[in-house]
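Trainee: What follows is a predicted structure for the sequence shown.
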Amino acid sequence: MSTGVSAPGRAQIGQKTLRTDRWWLAPLRIGVILAFFVVYATVRIFMNNYYWVDAYHYLTPLYSPCVTSSCVEGSSHLGTWFGDFPRVIPFSIITFAVLAGFRGTCYYYRKAGYRSLFFAPSACAVPEPHKKYTGERKFPLVALNLHRYFFYGALIFGVLNVYDGVLAFHGEDGGFGIGLGTLIIWINLVFLWLYTLSCHACRHIVGGRLKNFSKHPLRYRYWTFVSKLNPKHGTFAMISLFTVILTDAYIMALSAGWFSDLRFLN
């Protein structure tokens, strides 16, 4: 190896690492979580089924917005932009592309992915197996620099999810209603927005290029708010993964008829 700990001129140590703690536990745990989410989301988007509960207007975030004629009646809140999709194409292909792009290029997930999936490196003072380092200058890793543009798309989808959440206050008789599904949807919305607004790209867009905060008091206020959220960005990133899965799994179960929604009002 011409780079890293085995580079010429560096002390040659026979052991892989001198660390005696369980340094591998954190990347292993994160890797399992990320792999589970990728497998779960892939299976769900290709199911093209069990994403809408008509009685309560619950729409899973994995299929929002559903804008093809193939979507079940009532689930196309924004109308149908496309005709019928073949079975091999997910109804939520647009949603998946934007939100997977946003999370996949996220600074936190990049760190988690490099450590847990690519071992580059797995932890501090642990050599990586790669023989050379090219950074993010070549395809496909250069596409990670599109993160700020995916952020704009995530904002749009976040607003659409809020709209879905408002529609979820729907009772069986067509009036106002609240069920366990409504609460789960809104808990998911809270963590999705905390994850989105705590994003490094959001902090930069809000106030990163300002040279004088006193001349921009409103943007400074926004920047201060985002800066308080930013240190917890990784926490919100992981929690929102679980809330998305919980929301989708609950709506899938209701749609499939596995059990009934717990209703608090109507």
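Mentor: Structure's in. What do you need? Numbers count the residues shown, from 1 in each chain.

Trainee: Need the pLDDT of the residue nearest to the spatial centre of the chain.
Mentor: For the chain, the residue nearest the mean C-alpha position is residue 103 (4.6 Å; C-alpha atoms, centre = their mean). Per-residue confidence (pLDDT) for residue 103: 94.

Trainee: shouldn't it be in contact with residue 110?
Mentor: No. Checked against C-beta atoms under 8 Å, the pair residue 103 and residue 110 is beyond contact range at 10.0 Å. No exception for glycine: its C-beta is placed from N, CA and C like everyone else's.

Trainee: Overlap of the contact sets of those two?
Mentor: Residues touching both residue 103 and residue 110 (C-beta atoms under 8 Å, 6 or more residues apart in numbering): there are none.

Trainee: Quick check: residue 99 vs residue 160, distance?
Mentor: Distance from residue 99 to residue 160, counting by C-beta to C-beta, to the nearest Å: 11 Å.

Trainee: neighbour count winner among those two?
Mentor: residue 99 (22 against 17; other C-beta atoms under 10 Å).

Trainee: which helices and strands does whichever helix or strand that one is part of pack with?
Mentor: Element membership for residue 99, per DSSP states H and E: helix 93-104. In terms of contacts (3 or more C-beta pairs under 8 Å, 6 or more residues apart in numbering; DSSP states H and E), helix 93-104 is packed against helix 25-47, helix 147-167.

Trainee: Mind doing that once more with 10 Å?
Mentor: In terms of contacts (3 or more C-beta pairs under 10 Å, 6 or more residues apart in numbering; DSSP states H and E), helix 93-104 is packed against helix 25-47, helix 107-116, helix 147-167, helix 180-197, helix 233-256.

Trainee: Out of these, flag the one nearest residue 264.
Mentor: Evaluated with C-beta to C-beta, the helices and strands packed on helix 93-104 place helix 180-197 nearest to residue 264, the distance being 7.6 Å.

Trainee: how many degrees apart are the closest one and helix 93-104 in direction?
Mentor: Per axes from the mean of the first three to the mean of the last three C-alpha atoms, to 10 degrees, the angle that helix 180-197 makes with helix 93-104 is 50 degrees.

Trainee: Pull out the CA atoms of helix 180-197 and give them to me as PDB.
Mentor: Provided in PDB are the C-alpha atoms of helix 180-197 (Å, rounded to 0.1, in the frame of the first residue of the first chain):
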ATOM      1  CA  LEU A 180     -53.400   5.700  16.500                       C
ATOM      2  CA  GLY A 181     -52.400   5.900  12.900                       C
ATOM      3  CA  THR A 182     -52.800   9.700  13.000                       C
ATOM      4  CA  LEU A 183     -50.500  10.000  16.000                       C
ATOM      5  CA  ILE A 184     -47.900   7.700  14.400                       C
ATOM      6  CA  ILE A 185     -48.000   9.800  11.200                       C
ATOM      7  CA  TRP A 186     -47.500  13.000  13.100                       C
ATOM      8  CA  ILE A 187     -44.700  11.600  15.300                       C
ATOM      9  CA  ASN A 188     -42.900  10.600  12.100                       C
ATOM     10  CA  LEU A 189     -43.500  14.100  10.700                       C
ATOM     11  CA  VAL A 190     -41.900  15.700  13.700                       C
ATOM     12  CA  PHE A 191     -38.700  13.600  13.400                       C
ATOM     13  CA  LEU A 192     -38.600  13.900   9.600                       C
ATOM     14  CA  TRP A 193     -38.600  17.700   9.900                       C
ATOM     15  CA  LEU A 194     -36.100  17.700  12.800                       C
ATOM     16  CA  TYR A 195     -33.800  15.600  10.600                       C
ATOM     17  CA  THR A 196     -34.300  17.800   7.600                       C
ATOM     18  CA  LEU A 197     -33.900  21.100   9.400                       C
END
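
Trainee: Show me what stretch 20-29 is in contact with.
Mentor: Residues outside stretch 20-29 that contact it (C-beta atoms under 10 Å, 6 or more residues apart in numbering): 17, 31, 112, 114-117, 119, 121-126.
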